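**Student:** just coords:
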């Protein structure tokens, strides 16, 4: 039986994930996932592609989303009283203009010091409903695209076997920043073939493959690049064109078609498979 073995939320886009035993799956994914984002002075979002030290910022958020705590090595923890009604500023995510609720000078100063570059913290406006594309369109906060990213343990095991054969060491799951880790699928990349699935009370539908980028080269524990793996090995067997996207693919993105509670240990019940995928 396939089941959920780990749930990870990323309250601040690009920063460390938070493993949780259970979560409400909203239309925008796990509760509080990518609700906040770090931007530069120009409003452009910061990403581990250019700012790998984001991985060292470890956020935690209260159940009601009213308080965000930021921690990082060498810095005093900062508690941010979240103000969803504060000044809105224009931000840009992959070149697209969006709005962000600025969370004040204290958060800005803390992040600027930790990251070594002028930064501000913004929150998704409560009224914002950002529709993202895919085979099943969905709604997302500040996630790159679809609201839920699923990766199976067997896919990572298969990758690590190939890396080991080339003389490299194993990589951990956090390199790929999934929301839902699934155990119990014997074949690697089974998530690629899932069109619709029920997990706990929630129902998800396939949106698109997860095309991997340079973020996978960042060691999430040190905040430093340590490539060329996994992209070197993935490029040997996972480069493809699918659903209008091309690149190195690892994991799958899903939209939420029914909200509800999800917990570690819940069964992953696939109700529709892609017959065109082996």
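**Tutor:** That came through, no problem. Just so it is clear, the model here is predicted, and its values are computed rather than measured.
**Student:** separation between residue 33 and residue 14?
**Tutor:** From residue 33 across to residue 14, the span is 12 Å (CB to CB, to the nearest Å). Every residue, glycine included, has its C-beta placed from N, CA and C.
**Student:** ok, residue 3 next?
**Tutor:** Residue 3 is 29 Å from residue 14, by CB to CB.
**Student:** look at those two and report which has more neighbours.
**Tutor:** The neighbour count for residue 3 versus residue 14, taken as other CB atoms under 10 Å, is higher for residue 14 (25 against 17).
**Student:** which residue packs closest to residue 60, ignoring adjacent ones?
**Tutor:** residue 69 (4.9 Å; CB to CB, 6 or more residues apart in numbering).
**Student:** quick check: which element contains that neighbour?
**Tutor:** For residue 69, the host element (DSSP states H and E) is strand 67-72.
**Student:** list the buried ones in the biggest strand by length in the chain?
**Tutor:** Looking across the chain with DSSP state E, the single longest strand is strand 245-258. Within strand 245-258, the residues scored as buried using 16 or more other CB atoms under 10 Å are 247-256.
**Student:** which one of those is nearest residue 141?
**Tutor:** residue 256 (12.0 Å; CB to CB).
**Student:** wait, that closest one sits on residue 25?
**Tutor:** Yes - counting by CB atoms under 8 Å, residue 25 is a contact partner of residue 256 at 5.9 Å.
**Student:** what do these two both touch?
**Tutor:** Residues within reach of residue 256 and of residue 25 at once, by CB atoms under 8 Å, 6 or more residues apart in numbering, are 148, 202.
**Student:** quick one: the helices in this protein?
**Tutor:** Remark: helices assigned in the chain by DSSP state H are 105-115, 153-165, 231-237.
**Student:** now mean neighbour count too, for the ones you listed, in TSV please.
**Tutor:** As requested, these are exported to TSV (neighbours: other CB atoms under 10 Å):
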stretch	mean neighbour count
helix 105-115	18
helix 153-165	17
helix 231-237	15
